[in-house]
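>>> after the sequence you'll find the predicted model.
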Amino acid sequence: MFIEQPTAILRHFYKSAMWRKEPEKKTVYLTFDDGPVPEVTPWVLDKLKEYGISATFFCVGENVQKYPELFERIKAEGHSVGNHTFNHITGFNSNYDVFLKNIEEADVLIQSKLFRPPHGHLTRGQCLKLKEKYQIVMWDVITRDYNQALKPEKVFAIATKYTRNGSLVVFHDSLKAEKNMKYAMPKTVEYLLEKGYTFDKL
């Protein structure tokens, strides 16, 4: 559970970040990290359109630079976008100035006030600086679809077990997560719709 749903201690350490929205509302916030990529993102967009729901895409700047038409499609279809750094670098392994510069490089292309740190790795100093400009977005449920050692059925089980009112749920529109995500995401959406949940973007 420590991986799938962050502890209260971790949430308190980054208390200025968004982890979960209104717990009194039966609304879920689907988010997708690491795209856009032409092999996966269009499939996700088609599925979201099929279900008539909106989501939030935390985009890697270099992918936006490579596939600008796909990035524009995400926005044109009514979804929100967020900054996920330019090269998917982490705050723990990066020099303070290098990390901030990488985020700003992505911001030139993405132009969003939402920022999600790759892997959730962010130092206290980086967090204090970034919150001056961005809403830092973490998650309430990480499906672990990126873990290729997990079977797709397990990813679906994780998503449905931990998702609750106001959950920010992380899937990935990436090649690494493709197999697990394509199985688990639609089934999760259908399961939650049957349970009376609605979906919204950040």
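Sure, I can see it. Numbers count the residues shown, from 1 in each chain.
>>> residue 81 belongs to a strand, doesn't it?
Yes: counting by DSSP: H, G, I helix; E, B strand; the rest coil, residue 81 is part of a strand.
>>> show the contacting residues for it.
56-59, 71, 74-75, 110, 112, 114 (Cβ atoms under 8 Å, 6 or more residues apart in numbering). Backbone N, C-alpha and C define where each C-beta goes, glycine included.
>>> which residues of the chain fall in helices?
When secondary structure is read from DSSP state H, the chain shows helices at 8-13, 41-51, 61-66, 68-76, 96-110, 124-130, 152-162, 178-194.
>>> got those helices as TSV, with distance to residue 145, mean neighbour count and mean pLDDT columns?
Formatted as TSV, these follow (distance: least, Cβ to Cβ, whole Å; neighbours: other Cβ atoms under 10 Å; pLDDT from 0 to 100):
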stretch	distance to residue 145	mean neighbour count	mean pLDDT
helix 8-13	21	11	86
helix 41-51	12	17	98
helix 61-66	17	19	98
helix 68-76	19	15	98
helix 96-110	22	17	97
helix 124-130	26	15	94
helix 152-162	5	18	98
helix 178-194	4	19	98
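>>> out of those, nearest to residue 26?
The closest of the helices of the chain to residue 26 is helix 178-194. By Cβ to Cβ, the value is 9.1 Å.
>>> wait, isn't residue 199 in contact with residue 25?
No: Residue 199 is beyond contact range of residue 25, at 11.5 Å (criterion: Cβ atoms under 8 Å).
>>> so between these two, which is more surrounded?
Of the pair residue 199 and residue 25, residue 199 is the one with more neighbours under other Cβ atoms under 10 Å, namely 18 against 12.
>>> which non-adjacent residue is nearest that one?
residue 53 (3.9 Å; Cβ to Cβ, 6 or more residues apart in numbering).
>>> any idea how far residue 103 is from that neighbour?
28 Å (Cβ to Cβ, to the nearest Å).
>>> farthest-separated two in the contacts of residue 81?
The span of the contacts of residue 81, defined through Cβ to Cβ, is set by 71 and 114 at 14.4 Å.
>>> doesn't residue 189 make contact with the residue nearest to residue 199?
Yes: with contacts counted by Cβ under 8 Å, residue 53 reaches residue 189, the gap being 6.9 Å.
>>> joint contacts of those two?
Listed contacts common to residue 53 and residue 189 are 30, 199; contacts here mean Cβ under 8 Å, 6+ apart.
>>> right, and residue 74 touches residue 58 too?
No: with contact defined as Cβ under 8 Å, residue 74 does not count as touching residue 58 (10.9 Å).
>>> can you list the helices of the chain in JSON lines and add distance to residue 82?
Formatted as JSON lines, those follow (distance: least, Cβ to Cβ, whole Å):
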{"stretch": "helix 8-13", "distance to residue 82": "19"}
{"stretch": "helix 41-51", "distance to residue 82": "14"}
{"stretch": "helix 61-66", "distance to residue 82": "11"}
{"stretch": "helix 68-76", "distance to residue 82": "11"}
{"stretch": "helix 96-110", "distance to residue 82": "7"}
{"stretch": "helix 124-130", "distance to residue 82": "12"}
{"stretch": "helix 152-162", "distance to residue 82": "20"}
{"stretch": "helix 178-194", "distance to residue 82": "18"}
